[in-house]
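Q: Need coordinates for the following:
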Amino acid sequence: MTELDAIDRRIIDRLQGGFPLSSRPFAEAAAPLGLTESELIARLNRLLQHHTLTRFGPLFQIERIGGAFVLAALAVPEERFDEVTAEVNALPEVAHNYRREHRLNMWFVLATEIPQGIAAATARIEAATGLTVHAFPKEREYFVGMRFAVGGTAPVGQGAARTTDTAPVTLDELDRALIRATQAGLPRLPRPYHVLAQVLGCRERDVQTRLDAMLQNGVIRRIGAVPNHYAIGYTANGMAVFDVADDAIDHLGEQLGADPAVSHCYRRPRALPYWPYNLFAMVHGASHDQVRVEVERLVCLLGPACRAHDVLFSSRILKKTGLRI
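A: As a prediction, this is how the structure comes out:
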């Protein structure tokens, strides 16, 4: 866990969403923290430089712009792990990549602008590595919503299940240019939306209005800080997977997504005979034992419809850049 002072902790705890769309948003966000605009920007720069934050800006939902997210895994021979990591991470379509303690030991997310791009990216990985990509596309989203608290002990889920409409939203070229300009983060300058407007050749108000529209229609999940959860105390990242009866999965998935311990909850296809699990939930904590206790509690919540379960802990972040179009 990174050493943080009280002000850093407040910044991380309070700025994970709801960043203003005003002309001087850093000044507006700084005031409740007892900081000046320049002090907040300087601290955000330092937190990003030290990898306590992975980025600061919008988090996009690519399915709302007609694209696709797919969770995928490889079984990588130990002696080839670094080599395969480099080959997989070289693809811009790979948004996140984690090592997990399982026979399937490399888990990554593919994000592409069009659904057909997933097959092309998968084929490139298989050609480069000689390994089979096991794909687990999302069949239904029960919940996505997390807020990390410095220290690693507080539940990260927001405790209210919701599903997300994934029907594509119509975007024009300025919208897409704005996504490209902000997908790595907002300019950390006093007037970030003015700077973006200058780059894009439009008015500052156009940038603010379009970002607000994307928040309202779900293209953007939130705007704010994205913590490196390991650096702030959540050193145990557990992907809990459950074999749940098909006729009960939607009801139970909604229950699971409503639980405060769960930050992401999805229905995904099984891959028999080696992968019987069809319900996935992310659980974060300060220790493996803490996560295991939460997972066992979730198993009890699921009841007899849950026939088997496992939890795959991440042991290394291999890549974490988020969406790139």
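Q: got the contact list for the nearest residue to Gly34 once chain neighbours are set aside?
A: Spatial nearest neighbour of Gly34, excluding adjacent residues (CB to CB, 6 or more residues apart in numbering): Ile7 at 7.8 Å. In this view, the C-beta of every residue, glycine as well, is placed from N, C-alpha and C. Counting by CB atoms under 8 Å, 6 or more residues apart in numbering, Ile7 touches 33-35, 43.
Q: Okay, and Ile7 sits in which element?
A: According to DSSP states H and E, Ile7 maps onto helix 6-14.
Q: Now do the closest residue to Met239 other than its chain neighbours against Arg64, distance only.
A: In this structure, Met239 finds its nearest non-sequential neighbour in Leu312, 4.5 Å apart by CB to CB, 6+ apart. Distance, Leu312 to Arg64, using CB to CB, to the nearest Å: 28 Å.
Q: next one: Leu110
A: For Leu110, the distance to Arg64 (CB to CB) stands at 17 Å.
Q: Tell me which of those two has more neighbours.
A: Each of Leu110 and Arg64 has its neighbours counted (other CB atoms under 10 Å); Leu110 has more, 25 against 20.
Q: Determine how far the helix or strand containing that one lies from the middle of the whole chain.
A: Remark: Leu110 resides in strand 106-112, with elements defined by DSSP H and E. In terms of CA atoms, centre = their mean, to the nearest Å, the gap separating the centre of strand 106-112 from the centre of its chain is 11 Å.
Q: Which elements pack onto it?
A: The criterion is 3 or more CB pairs under 8 Å, 6 or more residues apart in numbering; DSSP states H and E, and the helices and strands that strand 106-112 contacts are strand 68-74, helix 81-89, strand 94-100, helix 116-129, strand 306-320.
Q: how about a cut-off of 6 Å?
A: Under the contact definition 3 or more CB pairs under 6 Å, 6 or more residues apart in numbering; DSSP states H and E, strand 106-112 sits against strand 68-74, strand 94-100, helix 116-129.
Q: my read is Cys265 is in a strand, agree?
A: Yes: assessed with DSSP: H, G, I helix; E, B strand; the rest coil, Cys265 lies in a strand.
Q: That one reaches Met282, doesn't it?
A: No: in this structure, Cys265 is not within contact of Met282 by CB atoms under 6 Å, at 7.8 Å.
Q: Where does pLDDT dip in the stretch 51-200 of the chain?
A: Scanning the stretch 51-200 of the chain for pLDDT under 70 picks out the ranges 158-166.
Q: What strand or helix carries the closest residue to Val199 other than its chain neighbours?
A: Excluding its sequence neighbours, the residue lying closest to Val199 (CB to CB, 6+ apart) is Ala181, at 6.1 Å. Assigning secondary structure by DSSP H and E places Ala181 in helix 173-182.
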